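> what shape does this take:
(chains A and B)
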There are 2 protein chains.
Amino acid sequence: MDRGAVVRITDVAALAGVSPSTVSKALNDTGSLRESTRARVREAAERLGFVPDASARSLSARRSFTVGLLSTDSAGRFSLPVVLGAENALVGGELSALLATARHDPVREQHHVRALVARRVDGIIVTGRTTEPREPIRVPMPVVYAFAPSSDPEDASVVPDDALGMRLLVEHLAGLGRRRIAYVGGRAEQAASLVRHETLAAELAARGLELVGSPLYGDWSEQWGRRAVDLVLGGVPGAGGSGDGLPVDAIVFASDQLARGGCDRLRERGLRVPDDVAVTGYDDWDVMSLASRPPLTTVDMQLERLGQRAAELLIAAIEGDPARGVERLAPRLVVRASTLGDA
Amino acid sequence: MDRGAVVRITDVAALAGVSPSTVSKALNDTGSLRESTRARVREAAERLGFVPDASARSLSARRSFTVGLLSTDSAGRFSLPVVLGAENALVGGELSALLATARHDPVREQHHVRALVARRVDGIIVTGRTTEPREPIRVPMPVVYAFAPSSDPEDASVVPDDALGMRLLVEHLAGLGRRRIAYVGGRAEQAASLVRHETLAAELAARGLELVGSPLYGDWSEQWGRRAVDLVLGGVPGAGGSGDGLPVDAIVFASDQLARGGCDRLRERGLRVPDDVAVTGYDDWDVMSLASRPPLTTVDMQLERLGQRAAELLIAAIEGDPARGVERLAPRLVVRASTLGDA
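Numbering: from 1, shown residues only, chains lettered A, B, ... in the order given. Take a look at the predicted model:
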């Protein structure tokens, strides 16, 4: 396979029969040239497959037109869509994205930050695996934090609006007439578990309702979702397909994985979802929310949109218009059979 | 928060009371300087947080020390670990990784390829969502294809050794005394479905065995895994916890998602995994292989290692030692309860 060498501006000049500076003027639409000359140069450039060296643009603009995407995460469940959304928006702005994944290793993160500074990136987007606030990085260029906000309120951060997400779920459940609602969180110390519980309790209180039982915390696994159902239902036999006498008519789970496990356990106990107990998840992670039986009513945090918004804020900051503080991005309620049934 | 401006070499020179060229010599360990001068410069550089501009290295080496990571994929299930493995190896080689995701859009891919060429990347790693061969990209720098091989046998590609993976599974099942084995694939036209079936049939034949029934093809969902179990078992009632009279004693599924659905359906039909029917998956995708009841015996394609190997081949090619043809990377058998039981 013939890949050939890099085509240089002098090759284009030779083929078009003009000087290299004329080629530059013709391709950059600058200077005063006859239209026929411009056309001849363009044709020659096209025939040779000439691609201008991006570093020329950088030198004249004193910018690298490159942005760092620093992720503390490797698993990528949450940070990947953020990175992809950011990359998408950067490409639209004719910027390139340098990927740097730190894998929860502070030494590795430091190494990456120094490398990005050495590359003179125009700015950096920092993303993480959870919504816990994180220490800011100290660099001489604009930074925007996405998903995991900076602990410094002067920094610009974009995070999902978890409180709004939970409000949407409660409105939906209340609209369906559900009144006896229990909550199953993931890890007890995490913002995703706590904020969702607080909002749920406040929203129920605003409707004169109370959470059934204490909030339950465990981990983020399906297995915990299954066990939590047993804790919620207690000694209720529940067999026979009737919800009469059940302590709850809905369980709000803090993630799709938990909710999927919950649906499995409810079915195994002979209860119908949603006829006896409605179930909601959180995340709209398709391999969980769609594979669940039944498919889950859940909240889509719009993570790609979040990455895109972080890129927009970063581009504005690079152009001299920086934002400050935490911007909360509205999530989207996704309604499926786990609350609505097959109807 | 004071981020300050970029610290320049002249700032370091001023603080250390030397010339900029002395700073350069001191930090690059070149020239002949007194050790005390070198130390003074280093201290000044550290105090100011001076990071040398990487473009100086590029200019002197006529290389950008940047590699493109071009992914046709966005979902990232398979390409993400490949990208992460490659990035990891590149960082080790003091290279930066420009991320470019094409999202199955040929126009977008062309745009990305041109942008990478314009950036004068030293080389490109191309990865994709499936193991189907793909059209090569035409660029004037080395390219290595990872996971999805190039259709041009002269190119360098690294792919998972699916045939070996299936051999490891058959050896394991045969060693456990399983003799009546059925196969459930994903989409019929895909290499991942077909190669796994061919190898399975050949390995069984080598042991004087035959596949039970025809290979079954559908899609890659859990739902298809569940339905396929019904097709394999046919009208067999199967209740009562006894495997007697079953047409199979093992089902080989072409993915973890399929196998997880299969385990669920076998349990729902009152059959025990693995006592009545052993089950194997493929991929070792943890949210499927570990969440499955029971957890799945499966094959880990070592995708991070594959990305790392692609980066190694690319670095060698950049340094003038290119590889050719397809290299197959050995996968790893992961044994869990779906074949071994709880023992």
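> name the residues of whatever helix or strand A:Ala311 lives in that come out as buried.
Counting by DSSP states H and E, the element that carries A:Ala311 is helix A:303-318. Neighbour-count burial for helix A:303-318 flags A:303-318 (criterion: 16 or more other C-beta atoms under 10 Å in any protein chain shown). Where you see a C-beta, it was placed from the backbone N, CA and C, and this is true even at glycine.
> how about A:Arg267, secondary structure?
Of the three states, A:Arg267 takes helix under DSSP: H, G, I helix; E, B strand; the rest coil.
> my bad, A:Leu98
Put simply, A:Leu98 is strand when judged by three-state DSSP.
> residue contacts, the residue lying closest to A:Val139 once chain neighbours are set aside?
Nearest residue to A:Val139, sequence neighbours excluded (C-beta to C-beta, 6 or more residues apart in numbering or on different chains): A:Val117, at 5.5 Å. Under the criterion of C-beta atoms under 8 Å, 6 or more residues apart in numbering or on different chains, the neighbours of A:Val117 are A:Val139, A:Pro140, A:Met141, B:Val6, B:Val51.
> please report how far A:Val117 lies from A:Thr66.
Per C-beta to C-beta, to the nearest Å, A:Val117 is found 12 Å from A:Thr66.
> would you map the strands across chain A?
Under the criterion DSSP state E, chain A contains strands at A:66-71, A:96-101, A:123-127, A:143-146, A:156-160, A:181-184, A:250-253, A:278-280, A:298-300, A:325-329, A:332-334.
> please identify which of those strands is closest to chain B.
For those, the distance to chain B is smallest for strand A:96-101, at 4.1 Å, taking C-beta to the nearest C-beta.
> who's in contact with that closest one?
Outside strand A:96-101, the residues that touch it by C-beta under 8 Å, 6+ apart are A:65-74, A:83, A:86-87, A:90-91, A:112, A:115-116, A:119, A:121, B:66, B:69, B:83-84, B:87-88, B:91, B:96-100, B:115, B:119.
> circling back: would you point out the most distant pair within the contacts of A:Val117?
Greatest spacing in the contacts of A:Val117, by C-beta to C-beta: A:Met141 and B:Val51 (11.3 Å).
> roughly how far apart are A:Ser338 and chain B?
Remark: distance between A:Ser338 and chain B (C-beta to the nearest C-beta, to the nearest Å) = 16 Å.
> wait, I meant A:Val273
16 Å.
> my guess is A:Asp283 contacts A:Gln302, does it?
No: taking C-beta atoms under 8 Å as the definition, A:Asp283 is not a contact partner of A:Gln302, at 11.1 Å.
> show me which positions of stretch A:29-37 end up buried.
Quick answer for stretch A:29-37 (16+ other C-beta under 10 Å): A:Leu33, A:Thr37.
> try stretch A:67-81
A:67-74, A:76, A:78-81.
> just the terminal-to-terminal distance for that stretch.
Its first and final residues considered, stretch A:67-81 spans 17 Å by C-alpha to C-alpha, to the nearest Å.
> for chain A, which residues score under the pLDDT cut-off?
By pLDDT under 70, the low-scoring segments of chain A are A:1-5, A:54-61, A:74-75, A:235-244, A:343.
> one more pass at 80, please.
Low-confidence segments of chain A (pLDDT under 80): A:1-7, A:28-31, A:51-62, A:73-77, A:235-244, A:343.
> grab the nearest non-local neighbour of the most centrally placed residue in it.
Among the residues of chain A, A:Leu303 comes closest to the average C-alpha position under C-alpha atoms, centre = their mean, at 2.5 Å. Leaving aside its sequence neighbours, A:Leu303 sits nearest to A:Pro81 (C-beta to C-beta, 6+ apart; 3.7 Å).
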